[in-house]
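S.K.: Let me see the structure of the following:
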Amino acid sequence: MKSDAPDNRNLLRKYGLVLVGWSTLVAVSLAWNLHHEGRNTLNSASAAARASVNKDIIFRKWVASHGGVYVAPSERTPPNPYLNVPDRDVVTSTGKPLTLMNPAYALREMQSNFSDEYGIQSHITSLKPFNPKNAADAWEAGALTRFERGSKEFLEVQQIDGQPYMRLMQPLVVESDCLKCHAQQGYKLGDIRGGISTSVPLKTYLAHERERGIELALSHGAIWLIGLAGLGFSYRRERRMDIESEKLANALHESESRFRTIADVAPIMIWMSDTGKRCNFFNKGWLQFTGRSMEQEVGARWLESVHPDDRKSCINAHADAFDARREFHTEYRLRRYDGEYRWLADHGVPRFDGAGAFLGYIGNCVDITDSKQMESDLRLSEARYKRITEGLTDYQYTVQIENGRAVQTTQSSDCVTVTGYTAEEFAANPYLWIQMVVPEDRERIREHVRQVLMGKDVPPIEHHIIRKDGKIRWVSDTIILFKDASGKLLSYDGVIKDITERKKTEELIRNMAFYDSLTQLPNRRMLNDRLGQAMAASKRSGLYGALMFLDLDNFKPLNDTYGHDIGDLLLIEVARRLTGCVREMDTVARFGGDEFVVMFSELDADKTESIAQASIVAEKIRATLAEPYLLARKQEGQAEITIEHHCTSSIGVVLFIDHEASPGDIIKWADMAMYQAKDGGRNRYHFYE
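M.R.: Alright, predicted model coming up:
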């Protein structure tokens, strides 16, 4: 009973670690799900906030599209004292007075009178309000300042009166309808006039999140308890098995003693090894085969009789199986008592005691020399037949080998289909096989043949040949080796297949992956690759590079008026003009839609000079793209129509050198500069700062 105690402690330690791992897994899962619920809460509140702002913007645009709306003045809706426009106050033909509500006034009244019905508060505001009620609070003022610096949205969780709110604000951009009231403030089209903010109470969302948290905690607790019960059941079962194993240990020892006696009278060769990979027993059949004593074979000395060419693979087969504790089969040549090497099939299996402890290996060997020779002859026959039947539409040849040299080569009659040369022409010129290979591939083919003559299995090789008619074709050459029972190379067969069409298809697929199908310019994938290379080269050379992001200013009206076919013609012409404006080493890529990217490197080590060089190219591109476009369209059954279209471009430029940023950051900065060019009036370029 004392011998059971250590094993029981090990078992308890094992299951203790499993319990810790299981508890950790459940805890991590619970933490991840709670984190996910928190993100869902914020996402739901953000969506509600955006919906509220979008509703206010749509309502304001509706009022603006009607030039404002007239309502009956009241104490709740008095005439707007800040609205100085003609006909602000009118009287109907029936004598009813009306006052004009401009978009901001109408939206403010809707926000102040009806927002509390759904718990969501919204507010139209500005840094320069007409109406003091529209003045921005501190948070809104901060958001408006961000908008003037280029931000498109500001979202944040804030405490209002001690309660959490999701606050969202989006900018109001000056449009033509806005200038009716706000031109006197100095605003221009495209300026940030103000914004609309909304505040969504998070109380309900957080309550739902807490409910889900309780549900998750309960479900994970139940799962943990189920796992705990399973571990308890498994522990009891494994403990019972350990006790049974102990009972079998003594029986195994007695069985091994009987085995050694039986093995000595068995008609096959049997060996045994210990846990250290050392052979400690060979039966009488083994010793009679080798003519050696037990002392000469034990340990690793038995390997002295293994054929030198097979010794390494034999050792590896045994060692790999020992390390993995798995059954193995291997074949090798072993020297018999008369000096002849015979092929043996060796089958080894691991041995374990009743408790599952590894004891070593036991194996048996059978002489398979005769069957090995029959197998070789059959494989040679089957391989030749298979190559004949599979290669009927290709070009097959056979090379006979003596003493490691090719002594005879025969070609199938199909060689004329692939090469244009007949079998007779190959026979008349023993070097024709290498002469028809294109010069740049010949050394590679010679090395391939040298490997074959050394008896090495080689993969199929692909290369170019020059046919008799002068055409260059792609071919693949697949070689099968034929060896005798000792591994000596006797001959090899080759099948040459014309793969020109496959290569063309592969090239087409490559172009589809890296080039835009309409303009044939590099696409985003290739642009990112080349930009990464250019950034690395710039870092090494110390010379600036530049990237330009272009957007066509007047492309959509052409598409809407004449259709996408004419739009495609314009994009193709833009691609042609861009390519003509840059060096061959530079990259022009289509980024998508009517957006293009031009990248050039190796400008100058001086930033000022690099800016000057980039400005010259940018101006050249701007002027070239601004020239009129003559687009010819011809529909079936109709005369050709030429459409003249004027289209300018907005260009964002960014320089890069020794940047730690990613290619994506460089493109984003150029895109931001392009939008600044658009805001500046279009048909111009702007450098990112």
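S.K.: is it true that Arg467 touches Gly420?
M.R.: Yes. If you go by CB atoms under 8 Å, Arg467 and Gly420 touch, sitting 4.2 Å apart. The way it works is simple: take the backbone N, C-alpha and C, and place the C-beta from them, glycine included.
S.K.: so where's the stretch 201-350 of the chain uncertain?
M.R.: 245, 247-267 (pLDDT under 70).
S.K.: I misspoke; the intended subject was the stretch 351-500 of the chain.
M.R.: In the stretch 351-500 of the chain, residues with pLDDT under 70: 381-393.
S.K.: what residues go with each domain of the chain?
M.R.: 41-206, 266-367, 389-504, 515-687 (automatic domain parsing).
S.K.: would CSV of these with distance to Phe233 and mean neighbour count be doable?
M.R.: Below are the domains of the chain laid out as CSV (distance: least, CB to CB, whole Å; neighbours: other CB atoms under 10 Å):
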stretch, distance to Phe233, mean neighbour count
domain 41-206, 39, 16
domain 266-367, 20, 16
domain 389-504, 53, 15
domain 515-687, 53, 17
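S.K.: and of these, who's closest to Gly21?
M.R.: domain 266-367 (22.4 Å; CB to CB).
S.K.: the strands in the stretch 151-300 of the chain, which residues?
M.R.: 154-160, 163-173, 192-201, 269-273, 279-282 (DSSP state E, counting those that start in this stretch).
S.K.: May I have the strands that pair with the first one, each with its orientation?
M.R.: Taking DSSP bridges as the criterion, strand 154-160 pairs within the sheet with strand 163-173 (antiparallel).
S.K.: then the partner strand to PDB, C-alphas only?
M.R.: Output of strand 163-173 as PDB, limited to C-alpha atoms (Å, rounded to 0.1, in the frame of the first residue of the first chain):
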ATOM      1  CA  GLN A 163     -25.600  60.700 -15.000                       C
ATOM      2  CA  PRO A 164     -23.500  59.200 -17.900                       C
ATOM      3  CA  TYR A 165     -24.400  60.300 -21.400                       C
ATOM      4  CA  MET A 166     -23.100  59.400 -24.800                       C
ATOM      5  CA  ARG A 167     -22.400  62.800 -26.500                       C
ATOM      6  CA  LEU A 168     -22.000  63.100 -30.300                       C
ATOM      7  CA  MET A 169     -21.500  66.100 -32.400                       C
ATOM      8  CA  GLN A 170     -21.200  66.500 -36.200                       C
ATOM      9  CA  PRO A 171     -20.300  69.700 -38.100                       C
ATOM     10  CA  LEU A 172     -22.700  71.900 -40.200                       C
ATOM     11  CA  VAL A 173     -21.000  73.000 -43.400                       C
END
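S.K.: what's the angle from it to strand 192-201?
M.R.: 160 degrees (axes from the mean of the first three to the mean of the last three CA atoms, to 10 degrees).
S.K.: Quick check on Leu202: phi, psi?
M.R.: Per-residue torsions, Leu202: phi -100, psi 0 (degrees, to the nearest 10).
S.K.: Val306 now?
M.R.: Taking degrees, to the nearest 10 as the convention, Val306 sits at phi -80, psi 140.
S.K.: How about it: which residues does it bridge to?
M.R.: Beta-bridge partners of Val306, as defined by DSSP bridges: Leu334.
S.K.: what's near enough to touch it?
M.R.: 314, 332-335 (CB atoms under 8 Å, 6 or more residues apart in numbering).
S.K.: what separates it from Arg335, distance-wise?
M.R.: Val306 sits 8 Å away from Arg335, going by CB to CB, to the nearest Å.
S.K.: of all the strands of the stretch 151-300 of the chain, which lies closest to Arg622?
M.R.: Going by CB to CB, the one of the strands of the stretch 151-300 of the chain nearest Arg622 is strand 163-173, 25.2 Å.
S.K.: chain center to the closest one, what's the gap?
M.R.: Chain-centre distance of strand 163-173: 37 Å, with CA atoms, centre = their mean, to the nearest Å.
S.K.: leaving aside the residues next to it on the chain, what's closest to the most centrally placed residue in the chain?
M.R.: Centroid-nearest residue in the chain: Arg525, 11.9 Å away (criterion: CA atoms, centre = their mean). Computed as CB to CB, 6 or more residues apart in numbering, the closest residue to Arg525 that is not its neighbour in sequence is Phe514, at 5.8 Å.
S.K.: Surely that neighbour and Gln520 touch.
M.R.: No. Using CB under 8 Å, Phe514 is not in contact with Gln520, being 10.8 Å away.
S.K.: what do those two both touch?
M.R.: Joint contacts of Phe514 and Gln520 (CB under 8 Å, 6+ apart) do not exist.
S.K.: Skipping its backbone neighbours, what lies nearest Met101 in space?
M.R.: Val69 (5.3 Å).
S.K.: Contacts only, for that neighbour.
M.R.: 63, 100-101, 106.
S.K.: now do Arg682
M.R.: Contacts of Arg682 by CB under 8 Å, 6+ apart are 553, 648, 650.
S.K.: Show me where the stretch 501-650 of the chain has its strands.
M.R.: So, for the stretch 501-650 of the chain - with DSSP E, counting those that start in this stretch - the strands run 545-552, 587-592, 595-600, 629-633, 641-645, 649-656.
S.K.: Against Arg239, how distant is Ala357?
M.R.: Counting by CB to CB, the gap from Ala357 to Arg239 is 17 Å.
S.K.: still on that earlier bit, looking at the domains of the chain, which is closest to Ile223?
M.R.: domain 41-206 (23.6 Å).
S.K.: For Glu462, which three-state class applies?
M.R.: With DSSP: H, G, I helix; E, B strand; the rest coil as the basis, Glu462 sits in strand.
S.K.: In the sheet, which residues pair with it? Tell me.
M.R.: Ser476.
S.K.: one step back: in JSON lines: the contacts of Val306, plus distance to His35.
M.R.: Shown next, in JSON lines, are those (distance: CB to CB, whole Å):
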{"residue": "Cys314", "distance to His35": "56"}
{"residue": "Tyr332", "distance to His35": "59"}
{"residue": "Arg333", "distance to His35": "64"}
{"residue": "Leu334", "distance to His35": "65"}
{"residue": "Arg335", "distance to His35": "69"}
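S.K.: now, which of these sits nearest Phe482?
M.R.: Nearest member of the contacts of Val306 to Phe482, counting by CB to CB, is Arg333, at 19.2 Å.
S.K.: how close does the closest one sit to Gly532?
M.R.: Counting by CB to CB - Arg333 and Gly532 are separated by 55 Å.
S.K.: follow-up on the earlier one: distance to Ala217 added to the domains of the chain, as CSV?
M.R.: Shown next, in CSV, are those (distance: least, CB to CB, whole Å):
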stretch, distance to Ala217
domain 41-206, 16
domain 266-367, 40
domain 389-504, 58
domain 515-687, 40
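S.K.: what's the closest of the ones you listed to Met374?
M.R.: Comparing these by CB to CB, domain 389-504 comes nearest, at 9.5 Å.
S.K.: quick one: Asp309 and Gly455 touch, right?
M.R.: No. Asp309 lies out of contact with Gly455 (CB under 8 Å); the separation is 10.8 Å.
S.K.: Please enumerate the shared neighbours of those two.
M.R.: Between them, Asp309 and Gly455 share the contacting residues Gly487, judged by CB under 8 Å, 6+ apart.
S.K.: Can you redo the strands of the stretch 151-300 of the chain as TSV, where the extra columns are distance to Gln185?
M.R.: Shown next, in TSV, are these (distance: least, CB to CB, whole Å):
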stretch	distance to Gln185
strand 154-160	22
strand 163-173	13
strand 192-201	8
strand 269-273	96
strand 279-282	99
